[in-house]
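Chemist: I'll drop the sequence and a predicted model, then ask my questions.
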Amino acid sequence: MKLSRCAVFLLALASGLALTTAAARGRAVAEQPLVGTPQVVKDLRWGDVLFYFYQGEYLNALTRLSAAQELGYLNEHALEAELLKGGLYLSLGQHEEAGRIFRALLNDNVPLDVRNRAWFYLAKVWYQRNYFEEAAAALASIRGALPGDLEPERHLLEAQVLMYMERYDEAVRVLERWQPVGDGNDVWSAYARFNIGVALVRQGRIDDAVKLLDGVGQLPAPNEERAALRDKSNLALGYALLKADRPAEAKQVLQRVRLVGPQSNKALLGVGWADSAQGRFTKALVPWLELRDRNLLDAAVQESYLAIPYAYAQLGAERQAAEQYMLAVNAFAEEQARIDRSIEAIRNGALLEALADHDDERAGWYWQLKNLPDAPETRYLYHLFASHEFQEGLKNYRDLRIMQRNLDNWALSIDAFESMIDTRRRAYAQRLPMLEATLEGVDLDALEARKNELESRIAAIERDNDIVGLATERELAQWRKIEQLEAALASADRSDPIVEEMREKVRLLRGTLLWDFNASYKARLWRARKDLRELEVAYREARRRSVLVERARDEYPARTEEFARRVEQLRPRIEGLRARLASTAEAHNRHLASIAIRELEAQKERLAAYSLQARFALASIYDRAASGKSGGGE
Amino acid sequence: MLRTLTAVLLWLLVSAASAQDAARTTDELKSLDQEVQALKKEVLDLNRELFVLEEELLFPANTQVAVFVSMDVGEFFALDSVTLKIDNKEVANYLYTEREAQALLKGAVHRVYVGNLKAGEHELIAIFTGKGPHARDYRRGATVKLEKGVGAKYVELKISDRAVRAQPEFIVKQWE
């Protein structure tokens, strides 16, 4: 049997964990076996579980694993089976159950490395599910260092957890403590420094943040991932400096962001604000006018619609400012109407179906929404779809739907089971009379008596050295004939020479027969004993089979009824769970739709606020124009 | 206005900086999550019970015969399909997907057939098709006599590489 490498299990677990950063997602995690050394598959059922596990069919793998455990088929792989079970529960988002299994398993009998990994994965799942206290406790259970890339990832995770618990200083300390280990140029270190920087900005420690974010913002960017991180860092630093009223430095940093990329709109807006803050409104207009021609879905583009007339107004170009404010008001109104239509589409329930049906069928939180369906509402929700909460909810929704289909199939099977049980009942009723007749026709007690009698006879022959007793039928007939002849000759005239000759011949015959009996006695006795032993074996087998048949006759109906009882109990459970799955899936649907609608409404509100500001500014311009205070343009 | 807008954007920026930082309606999510977890656990338990029932009802241990396929290395043979005949009657014809074949190569074992047989002697014929050395079509059969006793009978059909002859090897192993 080929080696089944539990390393693959871990790799799957590792790749199954949606890592905290885009960097992490793209990186292979070092393969280390969970159970020390590669294991030889000693139970075929274990290999059968792996067959589904390796294909990512976690629900199927877990079902087979649990069933095989219950049937006692995995005794040779008890520890691995439990570990895999924990992993499978994790993969299905069952972190409480997984945690219970890992806690039960991870004792001193398990290698430290295995324990550490298990705690690490558990911490990740808890983190993903917003159970930050549990995640912190699991991370604290790790002793020593994790191998390979897991170690930096662990520190990053620990810092993230602390950050979400709003323990920023500790988060910073964790990353600072670990940071010197890296050479400062690896991607984990870069992410860590970025995260520290953001944490420091949140605490208002701008000067400390500058050191870190500035470093990350000037790292070489050999690939898209690194370039994106650099952009993010420069953007965060730029806005932090803007907020700290250091516009000249901010502009310098913001200009490092690529002109085309996910952060470019925000950077252009920021560059404009940096110039604006220094009173250079003409310069500020350059990036803002560039922004205005971009997609109005982006918040930075929306804001540019207000920034442009603001700059014109500052330059005294009130007419152009008024035109631009009018343009903004109209654009915001159109966008709000589009958002309304999207909200309506989501209320009609189409969004989640389209999302959940996307990508392949396999269950588990390994699944992530990778391709968005092409629907009008999806373009507003990119940010939301990327969010942890939404992805988690969507995974749960998909899992529930997969389980619904799974139970639909079992509901059909249950019908088949009932037919099967009916068939068993009928077949039994048909076969019973024949069985009874056969059992009655066999008298094992009489057989036993005959066997015993035979045993006694042979014992007597041996005891009495009765050589004639083992004669064949033919020999016995000859022996009796001789005895008859002897009896007849005994009363005959002994003086008659013919009689005498006859007597002599009979004596000779008797002697010959006795000689034969005597010569073959031992061999015959040995054969008789051998036959007796074989008879004994055959008799015992007949007795055993008879008992089995009788037992089967008596127990079969009870077993059939036991199956019927189990089926009867399972059917309502299937139905009950199908109903609960449907209602919970519906609740999830509503919950996710409400999150999406909330997001859209927030966007609408922002547009409304912008629109209000534009109208207010417009009113001010008109007011000034009416009172003759304005100029006619730049 | 500048300050207000900048503050709004700074918040947007910082929140966008980490993909994890979406608005978290944590309590509502946790409550739903716990409900889903409990429900999933029940479904998983039910699945196990149904699976065990199916096995015990349809394939009782005293008559059960199962045939498994496994692969070792697979350098000289890429599996396409397996056909099984028991007592000259075709009982399974399984075509492997790429994903399934990959699972086998990782060390998994596929239960290609499970059924019931009376105690006594039976004949199993397995026919493997696939791509052999130099990507040539390859078809090989293996015949084995089965002595079915009172317990379940497992047969493993193992496809192995015979490096010396650069040929695949088909090994039949019986498990009680």
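Modeler: Thanks, I have it.
Chemist: Alpha carbons of stretch A:155-175, in CSV - could you do that?
Modeler: Taking Å, rounded to 0.1, in the frame of the first residue of the first chain, the C-alpha atoms of stretch A:155-175 are listed here in CSV:
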residue,chain,number,x,y,z
HIS,A,155,3.2,36.2,14.9
LEU,A,156,1.2,38.1,12.3
LEU,A,157,-1.9,36.2,13.4
GLU,A,158,-1.2,37.0,17.0
ALA,A,159,-0.8,40.6,16.2
GLN,A,160,-4.0,40.7,14.2
VAL,A,161,-5.9,39.0,17.0
LEU,A,162,-4.6,41.6,19.5
MET,A,163,-5.4,44.4,17.2
TYR,A,164,-9.0,43.2,16.9
MET,A,165,-9.1,43.0,20.7
GLU,A,166,-8.0,46.7,20.7
ARG,A,167,-4.8,45.8,22.5
TYR,A,168,-2.7,47.8,20.1
ASP,A,169,0.3,48.2,22.3
GLU,A,170,0.6,44.5,22.8
ALA,A,171,0.1,43.9,19.1
VAL,A,172,2.9,46.3,18.3
ARG,A,173,5.1,44.6,20.9
VAL,A,174,4.4,41.2,19.3
LEU,A,175,5.4,42.3,15.9
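Chemist: Grab the nearest non-local neighbour of B:V36.
Modeler: Distances taken as CB to CB, 6 or more residues apart in numbering or on different chains put A:N396 closest to B:V36, at 4.8 Å, once the chain neighbours are dropped. Heads up, the C-betas are built off the backbone N, CA and C, glycines and all.
Chemist: element containing the one you found, please.
Modeler: Following DSSP states H and E, one finds A:N396 within helix A:388-441.
Chemist: what do you get for A:Y73?
Modeler: A:Y73 is located outside every helix and strand, with elements delineated by DSSP H and E.
Chemist: now for the helix holding A:N396, which elements pack on it?
Modeler: helix A:58-70, helix A:350-357, helix A:497-626, helix B:26-58 (3 or more CB pairs under 8 Å, 6 or more residues apart in numbering or on different chains; DSSP states H and E).
Chemist: Show me which residues of the stretch 251-400 of chain A are close to chain B?
Modeler: With the criterion set to CB under 8 Å from any CB of the partner chain, the stretch 251-400 of chain A comes near chain B through A:266, A:269-270, A:273, A:276-277, A:299-300, A:303, A:306-307, A:310, A:383-384, A:386-390, A:392-393, A:396, A:399-400.
Chemist: Apply 10 Å and report the result again.
Modeler: A:262-263, A:266-267, A:269-270, A:273-274, A:276-277, A:299-300, A:303, A:306-307, A:310, A:314, A:363, A:383-393, A:395-397, A:399-400 (CB under 10 Å from any CB of the partner chain).
Chemist: Now which of those residues would you call buried?
Modeler: Burial by neighbour count, 16 or more other CB atoms under 10 Å in any protein chain shown: within those this picks out A:263, A:266-267, A:269-270, A:273-274, A:276-277, A:299-300, A:303, A:306-307, A:310, A:314, A:363, A:383-393, A:395-397, A:399-400.
Chemist: got a pLDDT number for the residue of chain A positioned farthest from its centre?
Modeler: Here chain A reaches farthest from its C-alpha mean at A:S495, the gap being 112.2 Å by CA atoms, centre = their mean. Here, the pLDDT recorded for A:S495 equals 84.
Chemist: For it, which three-state class applies?
Modeler: Three-state call for A:S495 (DSSP: H, G, I helix; E, B strand; the rest coil): coil.
Chemist: ok, now which ones touch it?
Modeler: With contacts defined as CB atoms under 10 Å, 6 or more residues apart in numbering or on different chains, A:S495 has no neighbours.
Chemist: Relative to B:K40, how far out is the residue nearest the centre of chain A?
Modeler: Central residue of chain A (CA atoms, centre = their mean): A:S91, 3.1 Å from the mean position. From A:S91 across to B:K40, the span is 12 Å (CB to CB, to the nearest Å).
Chemist: Tell me what angle the helix or strand where A:S342 lies forms with helix A:497-626.
Modeler: Using DSSP H and E, the secondary-structure element containing A:S342 is helix A:318-347. If you take axes from the mean of the first three to the mean of the last three CA atoms, to 10 degrees, helix A:318-347 sits at 150 degrees to helix A:497-626.
Chemist: residue ranges with poor pLDDT in the stretch 501-634 of chain A?
Modeler: Low-confidence segments of the stretch 501-634 of chain A (pLDDT under 70): A:629-634.
Chemist: Would you tell me which residues of it are close to chain B?
Modeler: A:548, A:552, A:559-560, A:562-564, A:566-567, A:569-570, A:573-574, A:576-578, A:580-581, A:583-585, A:587-588, A:590-592, A:594-595, A:598-599, A:602, A:606, A:609-610, A:613, A:616-617.
Chemist: Just the buried ones among those, please.
Modeler: Among those, the ones that count as buried by 16+ other CB under 10 Å are A:560, A:563-564, A:566-567, A:570, A:573-574, A:577-578, A:580-581, A:584-585, A:587-588, A:591-592, A:595, A:599, A:606, A:610, A:613, A:617.
Chemist: Tell me, how many residues neighbour residue 101?
Modeler: With no chain named, the answer covers chain A. 22 (other CB atoms under 10 Å in any protein chain shown).
Chemist: Not quite, go with chain B.
Modeler: A total of 16 residues lie near B:A101 under the criterion other CB under 10 Å.
Chemist: Over to B:G141?
Modeler: 12.
Chemist: Quick one: name whatever helix or strand follows the helix or strand harbouring it.
Modeler: Using DSSP H and E, B:G141 sits within strand B:137-148. Downstream of strand B:137-148, the first helix or strand assigned by DSSP H and E is strand B:153-162.
Chemist: which strands and helices sit next to the next helix or strand after that next one?
Modeler: Using DSSP H and E, the helix or strand that directly follows strand B:153-162 along the chain is strand B:167-175. Helices and strands touching strand B:167-175, by 3 or more CB pairs under 10 Å, 6 or more residues apart in numbering or on different chains; DSSP states H and E, are strand B:64-71, strand B:120-131, strand B:137-148, strand B:153-162.
Chemist: about what we covered before: which secondary structure elements does the helix holding A:S342 contact?
Modeler: helix A:281-292, helix A:299-314, helix A:350-357, helix A:497-626.
Chemist: mind listing what the residue nearest the centre of chain B touches?
Modeler: Closest residue to the average C-alpha location of chain B: B:H110 at 5.4 Å, with CA atoms, centre = their mean. By CB under 10 Å, 6+ apart, the contact list for B:H110 reads A:44, A:47-48, A:50-52, B:67-71, B:79, B:82, B:94, B:96, B:100-101, B:103-104, B:157.
Chemist: pLDDT at whichever residue of the stretch 251-400 of chain A sits closest to chain B, what is it?
Modeler: Nearest to chain B, among the residues of the stretch 251-400 of chain A, is A:S387, at 2.7 Å (CB to the nearest CB). A:S387 carries a pLDDT score of 72 in this model.
Chemist: mind checking which helix or strand the closest residue to chain B within the stretch 101-250 of chain A is in?
Modeler: Across the stretch 101-250 of chain A, the shortest distance to chain B (CB to the nearest CB) belongs to A:Y239, at 4.6 Å. Assigned by DSSP H and E, A:Y239 belongs to helix A:224-243.
Chemist: Please compute how far that helix lies from its chain's middle.
Modeler: 36 Å (CA atoms, centre = their mean, to the nearest Å).
Chemist: and that helix, what other elements does it pack with?
Modeler: Counting contacts by 3+ CB pairs under 10 Å, 6+ apart, helix A:224-243 is packed against helix A:22-25, helix A:187-202, helix A:206-217, helix A:247-254, helix A:264-277, helix B:2-17.
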